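> Please find the sequence and the predicted model below.
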Amino acid sequence: MTKAFNPLVAFVVALIVNSRHFFYGLSMLEKYQNAGSAKFFLIYGMSDETFMVNYSLRPPKQLNLTRCYLYVTIFDYFAWALGSMLGGLFGNIINIEVEGLSFIMTALFLVLFLEQFLNEESHLSSFSGFICGVLALIFIGGQNFILVAILGVVAIFLIQNYLCGKKVGA
C-alpha cells in the first residue's frame, strides 16, 4: 500500500481475473447437467483447485460421476475453510521462517498449467497466455502488464471465434 495505487486498474484486473469463474462454469455445464440438487453446491464450492480436479477427473465407469465431483468439491471447500480458520487462530503463534515458501502458488499454477497443456488438443490458449504475458511484460513493464496480457488473450479468443464462426461457449 506504500506504492502508487490506481483503483481503476485494480478494479479492472480484479474483474477480469475473477471472471475466470464464468469460464469455469461454462466448461463444467455438461459435466454438472445431471447433478440434480448437488449442482448448487458444485457451483458455489468451485475454486481453482476444484475446477482443475473435476475437469480432468476420469473415474472408472462404475462410479457415480456426480458423487465424485461432489466429494472433491466438499473436500476442497472444507480444506479451504479449515485452513483459513487455523491460519487465523494460530498464524501469529507459529513464527517460522521457511525459505522458498512464497514459491508454492507459482508451483501450483505451473503444475495446473502443465496438466492442462498436456490434456488439450489445441495449445492456442496456452501459447496465447504465455506470449501475451511475456510481450506485455516487455513493453508495459511490471506495473500493469497483467491487465494488458489478459486483454490480449481475450482479444485473441474473440478474433479466433469470429474467424472460425464459432459461438461463444460452443
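Happy to help now that I have it.
> only C-alpha atoms for contact and neighbour calcs from this point on.
OK.
> Pull the helix or strand harbouring residue 162 out as PDB, backbone CA atoms only.
Secondary structure assignment for residue 162, by DSSP states H and E: helix 145-164. The C-alpha coordinates for helix 145-164 follow below in PDB (Å, rounded to 0.1, in the frame of the first residue of the first chain):
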ATOM      1  CA  PHE A 145       1.300  -5.900 -17.500                       C
ATOM      2  CA  ILE A 146      -1.300  -8.400 -16.200                       C
ATOM      3  CA  LEU A 147      -4.200  -6.200 -17.400                       C
ATOM      4  CA  VAL A 148      -2.700  -5.900 -20.800                       C
ATOM      5  CA  ALA A 149      -1.800  -9.600 -21.000                       C
ATOM      6  CA  ILE A 150      -5.400 -10.600 -20.100                       C
ATOM      7  CA  LEU A 151      -6.900  -8.200 -22.500                       C
ATOM      8  CA  GLY A 152      -4.600  -9.600 -25.200                       C
ATOM      9  CA  VAL A 153      -5.700 -13.100 -24.600                       C
ATOM     10  CA  VAL A 154      -9.400 -12.100 -24.600                       C
ATOM     11  CA  ALA A 155      -8.800 -10.300 -27.900                       C
ATOM     12  CA  ILE A 156      -7.100 -13.400 -29.400                       C
ATOM     13  CA  PHE A 157     -10.100 -15.600 -28.400                       C
ATOM     14  CA  LEU A 158     -12.600 -13.100 -29.700                       C
ATOM     15  CA  ILE A 159     -10.800 -12.900 -33.100                       C
ATOM     16  CA  GLN A 160     -10.400 -16.700 -33.200                       C
ATOM     17  CA  ASN A 161     -14.200 -17.200 -32.500                       C
ATOM     18  CA  TYR A 162     -15.100 -14.500 -35.100                       C
ATOM     19  CA  LEU A 163     -12.800 -16.000 -37.800                       C
ATOM     20  CA  CYS A 164     -13.900 -19.600 -37.100                       C
END
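> so for that helix, what's the average pLDDT?
In this model, helix 145-164 carries a mean pLDDT of 84.
> Stretch 114-122 now?
Stretch 114-122 shows a mean pLDDT of 80.
> Repeat that for stretch 57-64.
Average pLDDT, stretch 57-64: 87.
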